[in-house]
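A.B. asks: Structure for this input, please:
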Amino acid sequence: MKYLVSTMLSLLLGSSAYVHAQQAADQGDQSFEAGQPLGVVINGEHTPLSDNVKVYGAIVNAESCVYDESRDLIVAVNRGADQDEAPNDGFISLINHDGSVHTARWIGVNRNGLVLNHPFGSDIHDGKLYVADRDGGTDENTPTVSVIRMFDMETGAPAGEIKTEGSPGFNDIEVAEDGTIYATQTSAGGQNPDPSTFRVFKITPDGTSTVLIEGDPLNLPNGIAIDGEGNLVVVNIGNKDVLTFSPEGELLKTEQSAQAGNDGIVIMEDGTKYVSSVREGGIARIAPDGTTELIATAIPSAASMCYDAGANQLVVPMNTNNALALIPLEN
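C.D. replies: Reported below is the predicted structural model:
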């Protein structure tokens, strides 16, 4: 019955109002709870949706996604409402390969012990989901500060956080095999961003944050990935550059995407890169020899995409369009 009431509240009130109604309903229950796959609870027993029913939705201002190999599902990271509209409104959905909903709110069905304010980039490493979140921003007098939050991939429960006081917010993140986190800071905000605030941070497993790369050739850096040789690849919003750096921050190579305004990057095992343009809507493929071509166009707000290995497709969150775009790849 609780699940049915929660679902009705979500549909009737929308994301932000739903969260606050759910918080009020949870006051007597202080334990963290992960969401169940779509279905109903009757007499305390959860019954999943029948196989002949497809439900689409559960996406609210999604910025990034990541493929969960263990579940064979897409993990969609939803920013929800802005902090000054509804603090702590972020949540995580589990999505099937065809875009239908598996679990509407895997993380975020209640807020007991959960803080997930306005999440951006994400990655999975060593059984944890890493999310680039931020605190503050509840009003114009409260500055934001970057916080990377971790969640247990088995239970969904919070599993630690790392705050970087020197950054107002990370955009995308990538976690290396040794647990080192690399994060882009697109800028410090404002109408005319200061190029000295275009940064890539390095966060060691013990939580120490340092600036690894700063300023030129970064130009509003956004997406970040690690290639097969362990190098960092960063895409810029401000131009077409796709930049490859060593783990020490040395620029090794500059390639060109098909469009500027880039947000997401996916690197395949053979070295092929896919780049999404949040401003111009295209998906570019950069072959290992540097040849570039557009494989999809006019996707509104094509954000930080991921590769869905279970279906051999790109999954592109569309920010305020509240949707995911699916792009099958050739075998």
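A.B. asks: Look at the residue located most distally from the centre of the chain and report its pLDDT.
C.D. replies: Ranked by distance from the centre of the chain (CA atoms, centre = their mean), the top residue is Asn43, with 36.0 Å. Looking at Asn43, its pLDDT reads 90.
A.B. asks: who touches it in this structure?
C.D. replies: When contacts are counted by CB atoms under 8 Å, 6 or more residues apart in numbering, Asn43 touches no other residue. To be clear about C-beta, it is placed using only N, CA and C from the backbone, and glycine gets the same treatment.
A.B. asks: just the strands in the stretch 151-300 of the chain please.
C.D. replies: 158-164, 173-175, 181-185, 199-203, 209-214, 221-226, 232-236, 241-245, 251-256, 262-267, 273-277, 283-286, 292-296 (DSSP state E, counting those that start in this stretch).
A.B. asks: Packing partners of the second one?
C.D. replies: Judged by 3 or more CB pairs under 8 Å, 6 or more residues apart in numbering; DSSP states H and E, the packing partners of strand 173-175 are strand 122-125, strand 128-135, strand 181-185, strand 221-226.
A.B. asks: The same query, at a cut-off of 6 Å, please.
C.D. replies: Counting by 3 or more CB pairs under 6 Å, 6 or more residues apart in numbering; DSSP states H and E, the packing neighbours recorded for strand 173-175 are strand 122-125, strand 181-185, strand 221-226.
A.B. asks: Packed most tightly, which of the ones you listed would that be?
C.D. replies: strand 181-185 (a mean of 26; mean count of other CB atoms under 10 Å).
A.B. asks: first vs last residue of stretch 277-297, how far apart are they?
C.D. replies: When the termini of stretch 277-297 are compared using CA to CA, to the nearest Å, they are 9 Å apart.
A.B. asks: Give me the residues contacting that stretch.
C.D. replies: Residues from elsewhere that reach stretch 277-297 (CB atoms under 6 Å, 6 or more residues apart in numbering): 255, 257-259, 261-263, 271, 273-276, 298-299, 301-303, 327.
A.B. asks: Turn the strands of the stretch 151-300 of the chain into JSON lines, including mean pLDDT and distance to Asn319.
C.D. replies: Shown next, in JSON lines, are these (pLDDT from 0 to 100; distance: least, CB to CB, whole Å):
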{"stretch": "strand 158-164", "mean pLDDT": "98", "distance to Asn319": "24"}
{"stretch": "strand 173-175", "mean pLDDT": "98", "distance to Asn319": "17"}
{"stretch": "strand 181-185", "mean pLDDT": "98", "distance to Asn319": "17"}
{"stretch": "strand 199-203", "mean pLDDT": "98", "distance to Asn319": "22"}
{"stretch": "strand 209-214", "mean pLDDT": "98", "distance to Asn319": "26"}
{"stretch": "strand 221-226", "mean pLDDT": "98", "distance to Asn319": "12"}
{"stretch": "strand 232-236", "mean pLDDT": "98", "distance to Asn319": "16"}
{"stretch": "strand 241-245", "mean pLDDT": "98", "distance to Asn319": "21"}
{"stretch": "strand 251-256", "mean pLDDT": "98", "distance to Asn319": "24"}
{"stretch": "strand 262-267", "mean pLDDT": "98", "distance to Asn319": "9"}
{"stretch": "strand 273-277", "mean pLDDT": "98", "distance to Asn319": "11"}
{"stretch": "strand 283-286", "mean pLDDT": "98", "distance to Asn319": "15"}
{"stretch": "strand 292-296", "mean pLDDT": "97", "distance to Asn319": "16"}
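A.B. asks: of all those, which lies closest to Gly127?
C.D. replies: Minimum separation from Gly127 across the strands of the stretch 151-300 of the chain (CB to CB) falls at strand 158-164, 8.8 Å.
A.B. asks: Just the pLDDT at the spatially closest residue to Asn236 that is not a sequence neighbour, thanks.
C.D. replies: With sequence-adjacent residues excluded and distances taken as CB to CB, 6 or more residues apart in numbering, Asn236 is closest to Asn219, at 4.3 Å. With respect to pLDDT, Asn219 has a value of 98.
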